[in-house]
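S.K.: Have a look at this prediction, sequence included:
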Amino acid sequence: MLVPRHDSTRWERLQAELAAWLASLPKPVGIMACDDVRARHVLEACRSLGLRVPHDVAVIGVDDDEFVCELSDPPLSSVAQAARKIGHEAARLLDLLMRPERSQEHGGRAVPARSVVPPIGVVARRSTDTLAVEDPAVARVIRTIRERAFGPLAIADLVAESGLSRWQVEERFRQLVGRSIRDDILEVRLAEARRLVTTTDLPLKTIAPRAGFRSIAYMTTVFRRHFGTTPAALRVTAQGGK
């Protein structure tokens, strides 16, 4: 049996068309692809054109395929779908279609022809890191926070790396980013914790230190303050529970 070979000429033609389209767009620009694989194609086309991501072109995909997103260059931001919740909803609707009598138990409502399950949210990575700023000292602080936020990170370390006094770097950071250095570190850790809670089955005792929180109790307090719910409750909701 003959196995057809991959048609590299077609791939090259499609990438050339994508690159030509990207080159024609005004810059800076944001691109949202239909899925992570297509978003990675956009990143490759940007690299072939010498376009900077995210400075010239910010790119985001859909599905949050961690393997694709983390191995992309730069790491790809993506919309995390509520896959489990979608599965639960599909099973519920199929049950109602197969057993119409159950719809009477739920108020006699007809099975909808279309049901929408909102995504969990955006998992931000470097391909949409629009906090890139012109101030080199603040840019260094931002980059260090993104790289080291999940481990031990003291503001004194960031101040030393900036080459400025603490007052100067705090003031410049707040003006350019819109929040304090401490709040920015917390935002980065919180985003990672939320991603792990809603997209993995890792226990909270593993998630807390991995996201940079010193304890489950502290992480739960921060979740309540920012999301109005606990990590455990958020996980149940993301997985399609009540």
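M.R.: Arrived safely, thanks for sending.
S.K.: Who are the contact partners of Ser72?
M.R.: Ala39, Arg40, Leu43, Ser127 (Cβ atoms under 8 Å, 6 or more residues apart in numbering). Placement of C-beta: from N, CA and C, glycine included.
S.K.: Pull up the gap between it and His55, please.
M.R.: Shown here: Ser72 relative to His55, a distance of 16 Å by Cβ to Cβ, to the nearest Å.
S.K.: same question, Ala83
M.R.: Relative to His55, Ala83 is positioned 32 Å away (Cβ to Cβ).
S.K.: Give me the more crowded residue out of the two.
M.R.: Neighbours per residue, other Cβ atoms under 10 Å: of Ala83 and His55, the larger number sits with Ala83, 17 against 12.
S.K.: Which residue ranges make up the domains of the chain?
M.R.: Using automatic domain parsing, the domains assigned to the chain come out as 10-82+119-127, 131-238.
S.K.: which outside residues touch the helix or strand containing Val138?
M.R.: For Val138, the element it lies in under DSSP states H and E is helix 136-148. Outside helix 136-148, the residues that touch it by Cβ under 8 Å, 6+ apart are 126, 129, 131-133, 153, 157-158, 161-164, 168-169, 172-173, 176-177, 181, 184-185, 188.
S.K.: Same check on stretch 76-94?
M.R.: The contact list for stretch 76-94 (Cβ under 8 Å, 6+ apart) reads 36, 39-40, 43, 59-65, 68-69, 111-112, 115, 117-128, 195, 198-199, 237-241.
S.K.: strand partners of the biggest strand by length in the chain, parallel vs antiparallel please.
M.R.: For the chain, the strand reaching the highest residue count under DSSP state E is reported as strand 57-62. Looking at strand 57-62 with DSSP bridges, its paired strands and their directions are strand 29-32 (parallel), strand 77-80 (parallel).
S.K.: Identify whichever of the ones you listed lies nearest to Tyr218.
M.R.: Between Tyr218 and these, the shortest gap by Cβ to Cβ is with strand 77-80, which sits at 23.9 Å.
S.K.: which parts of that closest one are buried?
M.R.: Ser77, Ser78, Val79, Ala80 (16 or more other Cβ atoms under 10 Å).
S.K.: average model confidence for the helix or strand just after it?
M.R.: Using DSSP H and E, the next helix or strand after strand 77-80 towards the C-terminus is helix 83-98. For helix 83-98, mean pLDDT rounds to 85.
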